[in-house]
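Student: Test case, fold it:
(4 chains)
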Number of protein chains: 2
Amino acid sequence: MSVRDWLPTPVQAAGIERALAVGETLFRVGAPTIGLYEIVAGKVRLARVDHSGREAILYTATAGDTIAEASLFMSTYHCDAIATTDAVVRLYPKAAILAEFERNPRAAQPFMAMLARQVMNLRTRLEQRNIRSARDRLRHYLAINVRSDGRTVELKGTVKDIAGDIGLTHEALYRTLAQMAVDGEIKRLDGKIILLQPV
Amino acid sequence: MSVRDWLPTPVQAAGIERALAVGETLFRVGAPTIGLYEIVAGKVRLARVDHSGREAILYTATAGDTIAEASLFMSTYHCDAIATTDAVVRLYPKAAILAEFERNPRAAQPFMAMLARQVMNLRTRLEQRNIRSARDRLRHYLAINVRSDGRTVELKGTVKDIAGDIGLTHEALYRTLAQMAVDGEIKRLDGKIILLQPV
DNA sequence: CGGCGTTTTGAGAGAGCTCAACATCGGTGG
DNA sequence: CCACCGATGTTGAGCTCTCTCAAAACGCCG
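Tutor: Numbers count the residues shown, from 1 in each chain, chains lettered A, B, ... in the order given. Below is the predicted model of the structure:
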């Protein structure tokens, strides 16, 4: 879901791009909030430093992600944002966004819809992680991501990416895919998986 | 975060309570959306039926949770909601909510803030699940939930509940807690954990 | 006092992780 | 056109850690 789909057009135009070198700080705990960021390229991690000085990662944002949405409604940031790789981000100023919501209340709806959908999606992925078995977890993934035809799953990204998404090592996922193919539960095509034996 | 904190007061008054017997359906895929629900008591699961007729659970909501926020912006529900136990839910009609947002755009802000905070929280919990080691995962949990003094973690609910939240069996969590206490990394008090050795 | 849920410790097994090696595929540059 | 390189894809073998199953102590409430 791109920023274009939910951020009011006037605000999109107000985006300010900025490049970050690896290790560079985007914002820190306690800093006054100036807006939310879209990650254009690279990776940025949100983290908090614990009592012993180690950092606890809250989230690792990659290209296309938006971070600090909650900053719109808070006066200071509640975590650190640091570039994990060289990165490019785009700042959408809080003032511009809130002003636009004020001016045109309808503009807030796509924003709310995006957030609500994201909550749903994240809850689902969290539920997925409660499944221990690699095979059942993969089945869950496939069931969720199946096309409307009920049999085709389009793979976006590499298998390795998917492994990361569902919380398995890529080796475990490869093995599971191979096994399920042998068992005739799925068929693998280029960039696609076909679900077989609909019972 | 209670409904009282973010749902416009007029809408709260419009809540319609309903009791569900175990197994009873609250709504089904494709049914026209009529609003979002607060779970007052019991458990309700959101699920989708996959191609082989098995159901893939998207989320299990418990007392205090809100479900189907995204339904405000869609015309039909995209999953089934079924009572996993006897339950009581409260319906907040979509029409009332959207009308209130229209009438008083400011009222949408707490709603957006709640959603944004939830996204943050869920992302963090998902990141937590990427940590394999029970000890490190617990450390992450403690770092996130530590009081502002940096040394005290208030335990809400039983240890068993926490085990479920962070995706460990209660046995594994008890063992890890015991080990960390022996190692002098933490001290356990009634309903609290004190973090020691700040390096 | 009895019953139920939480807390706690034990022992064993299994599943996925880790490390490792190799194949495959695209892209790059000589 | 071919050699090289990096990333993805694939399979093997062993190990560790958590899960699972079990049992018992504890505390709370009726």
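
Student: Skipping adjacent residues, who's closest to the residue nearest to the spatial centre of chain A in space?
Tutor: In chain A, the residue lying closest to the centroid (C-alpha atoms, centre = their mean) is A:Asp65, at 5.4 Å. Once flanking residues are discounted, A:Asp65 sits nearest to A:Ile39: 4.9 Å by C-beta to C-beta, 6 or more residues apart in numbering or on different chains. (Glycine included, C-beta is placed from N, CA and C.)

Student: what residues does stretch A:139-152 touch?
Tutor: A:124, A:128, A:131, A:153-154, A:162, A:165-166, A:186, A:192-195, A:198, B:48, B:50-51, B:54, B:56, B:58 (C-beta atoms under 8 Å, 6 or more residues apart in numbering or on different chains).

Student: Can that stretch be said to contact DNA strand C?
Tutor: No - Stretch A:139-152 lies out of reach of DNA strand C by C-beta under 7 Å from any atom of the strand, never closer than 11.1 Å.

Student: average pLDDT for that stretch?
Tutor: For stretch A:139-152, the mean per-residue pLDDT is 94.

Student: would you list every one of the strands in chain A?
Tutor: In chain A, the segments counted as strands under DSSP state E are A:16-20, A:25-27, A:35-41, A:43-49, A:55-62, A:66-67, A:80-83, A:87-93, A:152-154, A:186-189, A:192-195.

Student: mind checking which of those is nearest B:Ile34?
Tutor: When these are compared by C-beta to C-beta, strand A:66-67 sits nearest B:Ile34, at 29.9 Å.

Student: The residue nearest to A:Asp65: neighbour count?
Tutor: Using other C-beta atoms under 10 Å in any protein chain shown, A:Ile39 has 23 neighbouring residues.

Student: Does it touch A:Thr85 like I think?
Tutor: No - using C-beta atoms under 8 Å, A:Ile39 is not in contact with A:Thr85; the gap is 10.5 Å.

Student: Report the separation between A:Leu195 and A:His140.
Tutor: A:Leu195 sits 13 Å away from A:His140 when distances are taken as C-beta to C-beta, to the nearest Å.

Student: intersection of neighbour lists for the two?
Tutor: In terms of C-beta under 8 Å, 6+ apart, A:Leu195 and A:His140 are not both contacted by any residue.

Student: counting contacts, what elements does the lengthiest helix in chain A pack onto?
Tutor: The longest helix of chain A (DSSP state H) is helix A:108-129. Helices and strands touching helix A:108-129, by 3 or more C-beta pairs under 8 Å, 6 or more residues apart in numbering or on different chains; DSSP states H and E, are helix A:134-145, helix A:159-166, strand B:55-62, helix B:108-129.

Student: residues of that helix that come out buried?
Tutor: A:108-109, A:111-129 (16 or more other C-beta atoms under 10 Å in any protein chain shown).

Student: Over to stretch A:50-63?
Tutor: By neighbour count with 16+ other C-beta under 10 Å, stretch A:50-63 contains the buried residues A:Asp50, A:His51, A:Ala56, A:Ile57, A:Leu58, A:Tyr59, A:Thr60, A:Ala61.

Student: ok, now which ones touch the residue nearest to A:Asp65?
Tutor: A:Ala61, A:Thr62, A:Ala63, A:Gly64, A:Asp65, A:Thr66, A:Ile67, A:Ala87, A:Val88, A:Val89.

Student: got JSON lines for the strands of chain A, with distance to B:Met74 too?
Tutor: Output for the strands of chain A, formatted as JSON lines (distance: least, C-beta to C-beta, whole Å):
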{"stretch": "strand A:16-20", "distance to B:Met74": "33"}
{"stretch": "strand A:25-27", "distance to B:Met74": "34"}
{"stretch": "strand A:35-41", "distance to B:Met74": "24"}
{"stretch": "strand A:43-49", "distance to B:Met74": "29"}
{"stretch": "strand A:55-62", "distance to B:Met74": "26"}
{"stretch": "strand A:66-67", "distance to B:Met74": "21"}
{"stretch": "strand A:80-83", "distance to B:Met74": "32"}
{"stretch": "strand A:87-93", "distance to B:Met74": "25"}
{"stretch": "strand A:152-154", "distance to B:Met74": "22"}
{"stretch": "strand A:186-189", "distance to B:Met74": "30"}
{"stretch": "strand A:192-195", "distance to B:Met74": "26"}
